[in-house]
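Undergrad: Sequence first, then the predicted structure, then my questions.
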Amino acid sequence: MPTSKYAELVLDAERRRQRTVTAMLKGSLRESFSFEDYRALVHTHGPWVRPLKEANDHITVPIEEVEKAKKAYEDVASYLMQKLGWPREAVRVLPQGSASTQTLIRSPDNSKFDIDAVCAVDLARIGYIGPMEFFEKIGASLERFEPTAKKRCWNIPFSGEPFYLEFTPSVPMDQVPAQVREAITASFIPTRDYSDTALAVVDCPSRNWKPSNPEGIAKWVNDAASLRLVREVLVASFADAKAASIAPVPEQDVDIADTLRVAIRLFKRHRDMCVRRNKIEKDYQPISIIIVTLLTSCYMGLAHNERSFDHALRVLMELAELLPGMVVEKNGRYYVDNPTVEGENFAERWNGDGGERYNAFILWCEMLQADLRVILAANDPQDIRDTVRRVFGCSPDRSGGGGGAGGGGGSKVSGSAPVVPPVPATQGLA
């Protein structure tokens, strides 16, 4: 019996699964030798784990770049709070997006990576001001950094650096005046489990407030990641390891044993490689929040349905197979619901483009599944390693520099892009 909506979504996705896990999946890991031989091989050589760990390490933004970005984030946050002149306890700056969920990755095209931040202001301590006045006041306070106004944030480019910052002005939902809050929540309602972190952000096109919950999303991903799908007997082989006004940016090194975050990172990288190799159009690629939401929902649903796996790659394969079925279709419309704000559909743009984005998503899922099957079919350790490198665009070393948050739109930085090996013609990238 399903124990949650995510469990039910997974059961529905299993019923809708476009392809079942093939005999190749079972045979590649178990039929060629006994389970004891397999366990010893994983512990001794890790023929699948080690190449995946190498790929995960390769796409991790270099620590020195992350540290520079963290310092810039903290410096800008401190300057902003000082410049605003509001009580320090009235302003809180915290990371959001890929940095907050520890799924920040390098981009294969050498783009800048981004650190997204939220500037949450307690209006009860400073007096209520309207959304656009509030937005412009934050921008004016950042003038020294030459920010550019975007839909809901201020972009700080940091010319010459491999990163940029984006600050989103916001207000804690429970501190917005009652009449304003009622208008906001007429269509969008913070979910009960994450209502304490709900925010109201400024939506410039509508010149009004709109609900958001980046801290809730990070907590939701963290809650799901704490669930284990890989049997404990093999988990050991996967590892080789303040209530302040300015919340720190989490560390971005993610161990291979953190199956959910590794899946998000590798799947985002695969999406980026599909774009780089002209398999899907960049304008229609599945955006990172959709990948994060679908994968986390699926992972949580598998856990709630008490599924277990003897290998991390089996989990990746299962997630890839179920991913298309995790998209809800109702009355000819597609839905990927925000788990922290009821009524917000991350896939809303899929319903107004003639099916371009949905079709690109399905094509990407098919290529991802095909590539994971090729990796699973390999038996020779060197063949496995070479295939993983081809699929995820990883050269043997870390040369080529530059980061990227899931195919984000940052500008290029100096230096050459990583060399991508030639790719034989298959259904996927391998």
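TA: That came in fine, so what should we check first? As the structure is a computational prediction, the values presented were derived from the model and not from experiment.

Undergrad: Before we move on, what's the pLDDT of residue 63?
TA: Looking at residue 63, its pLDDT stands at 85.

Undergrad: distance of the residue most central in space within the chain from residue 213?
TA: Central residue of the chain (CA atoms, centre = their mean): residue 292, 4.5 Å from the mean position. Distance, residue 292 to residue 213, by CB to CB, to the nearest Å: 13 Å. Every C-beta, even on glycine, is put in place using the N, C-alpha and C of the backbone.

Undergrad: likewise residue 75?
TA: Counting by CB to CB, the gap from residue 75 to residue 213 is 26 Å.

Undergrad: Neighbour count for these two, which is higher?
TA: Per other CB atoms under 10 Å, whichever of residue 75 and residue 213 has more neighbours is residue 213, with 28 against 13.

Undergrad: shouldn't the more buried one be in contact with residue 196?
TA: No: with contact defined as CB atoms under 8 Å, residue 213 and residue 196 do not form a contacting pair (9.7 Å).

Undergrad: ranges for the helices of the stretch 51-200 of the chain?
TA: 63-84, 98-101, 123-126, 131-141, 178-184 (DSSP state H, counting those that start in this stretch).

Undergrad: Out of those helices, flag the one nearest residue 261.
TA: Residue 261 lies closest, by CB to CB, to one member of the helices of the stretch 51-200 of the chain: helix 98-101, at 7.4 Å.

Undergrad: Remind me what the closest one packs against, helices and strands.
TA: Helix 98-101 sits against strand 113-121, helix 214-225, with contacts defined as 3 or more CB pairs under 8 Å, 6 or more residues apart in numbering; DSSP states H and E.

Undergrad: and it, what's its mean pLDDT?
TA: pLDDT averaged over helix 98-101 gives 80.

Undergrad: Show me the protein divided up by domain.
TA: The record's domain split for the chain, according to automatic domain parsing, is 5-61+237-241+252-392, 63-220.

Undergrad: And the shortest one, how far out from the chain middle?
TA: Its chain's C-alpha centre and that of domain 63-220 lie 17 Å apart, by CA atoms, centre = their mean, to the nearest Å.

Undergrad: and the end-to-end length of that domain?
TA: 25 Å (CA to CA, to the nearest Å).

Undergrad: what's near enough to touch the closest residue to residue 125 other than its chain neighbours?
TA: Spatial nearest neighbour of residue 125, chain neighbours left out: residue 90 (3.8 Å); criterion: CB to CB, 6 or more residues apart in numbering. With contact taken as CB atoms under 8 Å, 6 or more residues apart in numbering, residue 90 is in contact with 121, 122, 125, 126.

Undergrad: count of residues packed around residue 219?
TA: 18.

Undergrad: now it: how far from residue 94?
TA: Distance from residue 219 to residue 94, by CB to CB: 12 Å.

Undergrad: Could you do residue 11 as well?
TA: With CB to CB as the criterion, residue 11 and residue 94 are 35 Å apart.

Undergrad: Which one of the two is surrounded by more residues?
TA: With neighbours defined as other CB under 10 Å, residue 11 and residue 94 compare such that residue 94 has more, 23 against 15.

Undergrad: Report pLDDT for the more buried one.
TA: pLDDT, residue 94: 77.

Undergrad: what's across from it in the sheet?
TA: residue 118 (DSSP bridges).

Undergrad: Okay, it and residue 267: tell me how far apart.
TA: With CB to CB as the criterion, residue 94 and residue 267 are 25 Å apart.

Undergrad: and what of residue 355?
TA: For residue 355 relative to residue 267 (CB to CB), the value is 22 Å.

Undergrad: Settle it for me: which of those two has more neighbours?
TA: Shown here are residue 355 and residue 267; by other CB under 10 Å, residue 267 has more neighbours (26 against 12).

Undergrad: how much space between the closest residue to the more buried one other than its chain neighbours and residue 53?
TA: Residue nearest to residue 267 in three dimensions, not counting chain neighbours: residue 291, with 5.7 Å by CB to CB, 6+ apart. Going from residue 291 to residue 53 by CB to CB gives 21 Å.
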